[in-house]
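Enquirer: I would like to see how this sequence folds:
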Amino acid sequence: MADEVSIDRQTFHNRLSSFISQWKTDKRSGDAVFGGAGSIVIVMGKPDEAGSFQKNSAMQFWLLGYEFPATLFIITLEGLYIVTTKKKAAYLEPLKDGKTPVEIFVRGKDAEENAKQFERCLEIIKGAGKKVGVLAKDTSTGPFAEEWKRVYGDIAKEVEEVDIAGALSNTALSVKDEGELRTIRDASRASSGIMANYFVDQMSAILDEEKKISHKALAAKMDEKISDERFFQKLKVSTGFDPVQLDWSAPPSVQSGGKYDLKLSSEPDDSNLHAGIIVSALGLRYQTYSSMIARTYLVDPNKSQESTYKLLLAVHDLVLKEIRDGVQAKDVYGKALNLVKSKKPELEKHFLKNVGYGIGIEARDNTLLLSGKNTRTLRDGMTLCVMTGFSDIDNPNPQDKKSGTYSLLLADTVRVTRGDTVVFTKDAKSDLESTSFFFKDEDEPEEKAKPKSKKDSRVGAVAQANITKTRLRGERSTTQNEEKEAARREHQKELHSKKQQQGLEKYGENAGSLNGTEEKKFKRFESYKRDNQFPNRVKDLIVLVDHKSSSIVLPIMGRPVPFHINTIKNASRTDEGAFSYLRINFLSPGQGVLRKDDQPFEDPQAHFVRSLTFRSKDFARMEDITQQITEMKKSAVRREQEKKDMEDVVEQDKLAEIRNRRPHRLDNIFMRPAMESKRVGGAVEIHQNGLRYHHLNNAKIDILFSNVKHLFFQPCQHELIVIIHVHLINPIIIGKKKTKDVQFYREATEMQFDETGNRKRKHRYGDEEEFEAEQEERRRRVALDKEFRSFTEKIADAGKGDGLSVDIPFRDLAFNGVPARSSVTIQPTTDCLVQLTEPPFMVITLGDIEVVHLERVQFGLKNFDMVLVFKDFNRPPAHINTIPVESLEGVKDWLDSVDIPYSEGPLNLNWGTIIKTITTDPHQFFADGGWSFLAAESDDEDAEESEEESAFEVSESELASDESSEDDSEFDDDASAEASEDEASDEESGGEDWDELEKKAKKKDRESGLEDEDQKRGKKRR
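Expert: The predicted structure follows:
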């Protein structure tokens, strides 16, 4: 037993000496707190079966950490005197010889000796002064307490009693240290956890399913939850939190149906839970420190009830704002009451008589009552239960017979500071949205009528969409393109100049290398800590592979020597004659010939063993050892890689589920990456702070809005699926892999059913039936896009507090390319460049891009490549290869429109070397011109082309004769150009024939609209 009770000697003496020091200070300053008491008597009788903590037991817990029944404390300015039994005295014996003298009187079975001890106590009280500090409301019972009261009664007339309850609260119990505050915070979080994560779930499920349960039964279910240790381990509690030490300071209480007791003194009754105003309260005690929480939940409330609850929230918030160091308790209550009078004077008589009380070891410290009469001053470190409410309010529009009257109550455990009040029970939300439940069916708001598109007054009766800007080939001019190109080049020069200036400002002369933080450190590996950990077979002096310790034990000079697998490079086996040779190569400096050594060493100048060779006649064993070493090395490398991959995976906060209504939900959804190999669907729900995907096998994936970087909606136009895509800030684990992209999709094309037995098929054949099917698919796609877009906007609306907005790809600006394995459609959005159709997905934020370089841009090539260099130079550049050259101008226009500087060149560059040069010395890179070397490359190419063009000159007379002959020519400019190309085909191999040129001409006609006009003219002639 003595081992189980361990009193912290240092804490005891620190608290006792602090208490006596404050007592002495009060004596010198006028006895305002202790009332001139010379001694303090605290008697503890039989323990209270109800478990309520009074001032006497609270003082014992504060000093000792335990409750000692049948024990008397007499505290004077000189020391502490304790009267207790022999067993308890053994626990108290180590407290002697400390800062403050402690004398212990041990009671036994000898009645005379016991009487002498009490007489000694009376002498100590008399000698300390005429005034004795006692607890006026002491309710101690039991033989020990009764005997002391009889003995003390002999001198009661000789001394003056002073109520010491306020002094004990003021100097000892009310202001908590850091350890006590941490304990109360854990108790409060456990209480709010039961309220928010258990009671709300149970209550809402019961009401939603229209089940019947009594208040008493529901409170009993909450009472049983205290034994669920796993439940409390999931809460945000301190490290080392022990749920076994939880106990009730205020048992769970549930009230509804018009009968309310806001004093929480009565036990839950047998009435059934009523779907109206529900008041629930509870308080958990952790390591003797109490907490309290109370919430009111409004089920299908009317406007009057919502208005009253809003007032209660305003009063509660005002009280929390007014509570701070130096404020008197009565002032807090006065301001709360004034707010009620100013907003709704008729509710003044229903307002509670106080707005809180002190809380700690005592579940309720009435000396710290926040009432209109208490002049007690609040101090930093105090903990309070702030309780506001209205009782027995008349409901002007009762929903049923039991809703005629109702009460509202809110209670939180808080800490007083010099600034804003710290609310320990904030995890259980109390705002109107979180506490209101609506189970009655509500009609969805009608969609707003779409405004009609305005007609352009300049266009008359002609459809505006039919007006085209494309000119005929004969009228086409290069002037417009040249002006556009000149403006684009001028804008790009400004962007490059700005980028150069930003680089010089960002990387000053003292910037240094960007690789400093990634320098690899020498790692130590330990195979065995002690000799007795070696495998038993090392005595045989053989090559032994120990998988348990990831080591290989080698016999060297008659001794077993262990080598960790991370020190070994590889192992190989060769057979020569009658022997098999095992060669083990070790890691050592200088092995990297063309690359830097990946493995740093503590002393590279030391001598290293490069390899060891063993021979044996047992070929099978040598083969087995080689395979074991190889597999162990692979496993070690795999573990290191997995550990490296998981470094940036951050554990998300807990998803705050919506309890008061059914969350917005999208069913029949598939997710990528998939959670399993089988194609199984699920549903997505929108909650308060994130999304939850419900897999059909009961698995859940949570995505918090705070971890979402981009939200995309891609319609099913020109695609087979409609997509909601979420790009994350930090990766999460889905299955066994990490990912930064999560996608929810549904296929746009549904399975077609055989209609051979359908009656409609008898009357509809061919084109009419196909036309109807196409119309149906078109309607289905439109409805699908509308449904997904509406859901995406709801996601953005729920996450607007985290800056979430919907981004939609621009199909008109799309181009094909190969960012990974296959050619896909890449589409710009407002903030990104994305590819969301095929995995692996690509999402590149435009704000992260430093510059873009277009490679392999030269005449004769059908494709070019795009390299995107990021502002974070430690991030490898992104490559998009094999982009059709027809998209070149569109890509340039888009890059220029989003203010991204770009350059182009004829060759592929070695970007690994370029980025390495930048990260080695970024200041020198920008001092030498920065990205200008890319622009210089493209300028040189343009100069070469201009020189080739200027080699042929035409005189003015020849130009004039050419112009005069144009009117008589049967060929236009393009046709003559094609003819000249055909003539040049004799000299150049691989020229195009007339058939190919004719096809190109028809294609250009179709693009310009010329062919349509020719066809119309032909029809008119006919």
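Enquirer: give me the number of residues near residue 619?
Expert: When counting by other C-beta atoms under 10 Å, one arrives at 13 neighbours for residue 619. In short, each C-beta sits where N, CA and C put it, glycine included.
Enquirer: quick one: it and residue 582 touch, right?
Expert: No: under the criterion of C-beta atoms under 8 Å, residue 619 makes no contact with residue 582, lying 10.6 Å away.
Enquirer: Do you have the strands of the stretch 751-900 of the chain handy? List them.
Expert: 806-807, 815-817, 824-828, 832-835, 842-845, 849-855, 863-870, 878-884 (DSSP state E, counting those that start in this stretch).
Enquirer: The longest one pairs with which strands, and in what direction?
Expert: Strand 863-870 has the following sheet partners, assigned by DSSP bridges: strand 849-855 (antiparallel), strand 878-884 (antiparallel).
Enquirer: Same check on the fourth one?
Expert: Using DSSP bridges, the neighbouring strands of strand 832-835 in the sheet come out as strand 824-828 (antiparallel), strand 842-845 (antiparallel).
Enquirer: For that strand, which outside residues touch it?
Expert: Defining contact as C-beta atoms under 8 Å, 6 or more residues apart in numbering, one finds that strand 832-835 is touched by 710, 712, 725, 727, 807, 809, 819, 824-828, 841-846, 868.
Enquirer: again, only using 7 Å
Expert: Taking C-beta atoms under 7 Å, 6 or more residues apart in numbering as the criterion, the residues outside strand 832-835 that touch it are 710, 712, 807, 809, 819, 824, 826-827, 841-846.
Enquirer: again, but for the first one
Expert: Around strand 806-807, the neighbours that count as contacts under C-beta under 7 Å, 6+ apart are 710, 711, 712, 713, 792, 793, 796, 829, 830, 831, 832.
Enquirer: tell me the two of the residues you listed that are most distant?
Expert: 793 and 832 (18.1 Å; C-beta to C-beta).
Enquirer: Could you check which of the two has the larger neighbour count?
Expert: Applying other C-beta under 10 Å to residue 793 and residue 832 shows that residue 832 carries more neighbours, namely 21 against 14.
Enquirer: would residue 367 count as being in a helix?
Expert: Yes: judged by DSSP: H, G, I helix; E, B strand; the rest coil, residue 367 forms part of a helix.
Enquirer: Now for it: which residues touch it?
Expert: Here residue 367 is in contact with 165, 166, 169, 358, 376 (criterion: C-beta under 7 Å, 6+ apart).
Enquirer: Of those residues, which is the nearest to residue 689?
Expert: Of those, the one sitting nearest to residue 689 (C-beta to C-beta) turns out to be residue 358, at 33.6 Å.
Enquirer: and the closest one, what does it touch?
Expert: 169, 174, 365, 367, 368, 382, 384.
Enquirer: repeat for residue 896
Expert: By C-beta under 7 Å, 6+ apart, the contact set of residue 896 is 488, 491, 492.
Enquirer: gap between it and residue 298?
Expert: Here the criterion is C-beta to C-beta, to the nearest Å. By it, residue 896 lies 56 Å from residue 298.
Enquirer: ok, back up a step: in PyMOL, select just the buried ones from the contacts of strand 832-835.
Expert: Here is the PyMOL command that selects the buried residues among these (16 or more other C-beta atoms under 10 Å):
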select buried, resi 710+712+807+809+819+824+826+827+841+842+843+844+846
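Enquirer: Mean confidence (pLDDT) on the longest helix seen in the chain, please.
Expert: As assigned by DSSP state H, the longest helix anywhere in the chain is helix 767-798. Helix 767-798 shows a mean pLDDT of 87.
Enquirer: I'd like the numbering to begin with 48 instead of 1 from here.
Expert: With 48 as the first residue, the last one maps to helix 814-845.
Enquirer: Who are the packing partners of it?
Expert: strand 711-719, strand 729-733, strand 755-761, strand 768-781, strand 853-854 (3 or more C-beta pairs under 7 Å, 6 or more residues apart in numbering; DSSP states H and E).
Enquirer: Report the mean confidence score over the helix or strand just after the fourth one.
Expert: Spelled out, that is strand 768-781. Next helix or strand after strand 768-781 toward the C-terminus (DSSP states H and E): strand 784-794. For strand 784-794, mean pLDDT is 91.
Enquirer: Stretch 322-340 now?
Expert: For stretch 322-340, mean pLDDT is 93.
Enquirer: Where does pLDDT dip in the stretch 298-447 of the chain?
Expert: Applying pLDDT under 70 to the stretch 298-447 of the chain flags no residue at all.
Enquirer: Strands of that one, start to end?
Expert: In the stretch 298-447 of the chain, the strands defined using DSSP E, counting those that start in this stretch lie at 324-333, 336-337, 340-346, 403-405, 430-441.
Enquirer: And for residue 83, nearest residue in space, chain neighbours not counted?
Expert: With C-beta to C-beta, 6 or more residues apart in numbering as the criterion, residue 83 has its nearest non-adjacent residue at 4.9 Å, and that residue is residue 178.
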